[in-house]
Every structure is written in C-alpha cells, then in structure tokens.
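**Q** model the structure of this input:
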Amino acid sequence: MILPSKHIELSESLIGLGSFIVKILRVPTTLDECWKELNELYIDKGKIKKHHSFDNFILTIDLLYMIGVIDVNLKGEIYNVSK
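**A** Below is the predicted model:
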C-alpha cells in the first residue's frame, strides 16, 4: 500500500498520493485546506483513480514528514521543505 507494486498502481499507493500533496504545498497550508484542495484538484476530477480516504491522506502526511519532505511551522501549517 505504501509503494506501488504488481497489483497496486502508483495512484493507489501512499507514495503516489504524496506526489499530489507535495504539488499542493506551494505555500504553508493547514491540513484541512490541503485535504480540500486535494479533493478539488485531483480526486473529484478523476486525476487520481482511487478515491483515497482522509485516513490515507493522514498516513501520507505522516510518511512525507518521516522521510523529511514536509515539515510543520509554528502556526501548525504543513509546508514543502524542498522548495
């Protein structure tokens, strides 16, 4: 589920979902705003084949934080470290 495999497409994996989340984080954003924008830009328009739940979204945020791609500022907003 974390990585794509023979039976799991990239868009179904957490790493694949993470790539869409990183694109959204151009500026520091709250979790709620990020989730809303992810749905508006990608999930509702069918650009991501699998409908990811909020639980998968949070797991992906955790994964991105653990591998050092995103961080949290003093206001509690998440942002892309690699910018």
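
**Q** pretty sure Gly16 contacts Val22?
**A** No. Look at Gly16 against Val22 with Cβ atoms under 8 Å: they stay out of range, at 11.1 Å. In short, each C-beta sits where N, CA and C put it, glycine included.

**Q** grab the nearest non-local neighbour of Tyr79.
**A** Of all residues not flanking Tyr79 in the chain, Pro28 sits nearest, at 4.1 Å (Cβ to Cβ, 6 or more residues apart in numbering).

**Q** now the one you found: phi and psi?
**A** phi -60, psi 130 (degrees, to the nearest 10).

**Q** got the buried residues for the host helix or strand of Ile58?
**A** Using DSSP states H and E, Ile58 sits in helix 54-66. Residues of helix 54-66 classed as buried by neighbour count (16 or more other Cβ atoms under 10 Å): Asn56, Phe57, Leu59, Thr60, Ile61, Leu63, Leu64.

**Q** relative to Leu74, how far out is the fourth one?
**A** Spelled out, that is Thr60. Thr60 sits 23 Å away from Leu74, going by Cβ to Cβ, to the nearest Å.

**Q** once you drop chain neighbours, what's closest to Thr29?
**A** Glu77 (5.7 Å).

**Q** and that neighbour, what does it touch?
**A** By Cβ atoms under 8 Å, 6 or more residues apart in numbering, the contact list for Glu77 reads Pro28, Thr29, Thr30.

**Q** if we can go back for a sec, can you tell me what sits against the helix holding Ile58?
**A** So helix 54-66 is in contact with 2, 14-15, 17-18, 21-22, 31, 34-35, 38, 52, 70-72, 78, going by Cβ under 8 Å, 6+ apart.

**Q** quickly check those residues for the two that are furthest apart.
**A** His52 and Asp71 (22.0 Å; Cβ to Cβ).

**Q** these two: which has the busier surroundings?
**A** Neighbour totals were compared for His52 and Asp71, and His52 leads with 21 against 13 (other Cβ atoms under 10 Å).

**Q** by mean pLDDT, flag the weakest helix or strand of the protein.
**A** Lowest by mean pLDDT, DSSP states H and E among the helices and strands of the chain is helix 14-24, with a mean of 92.
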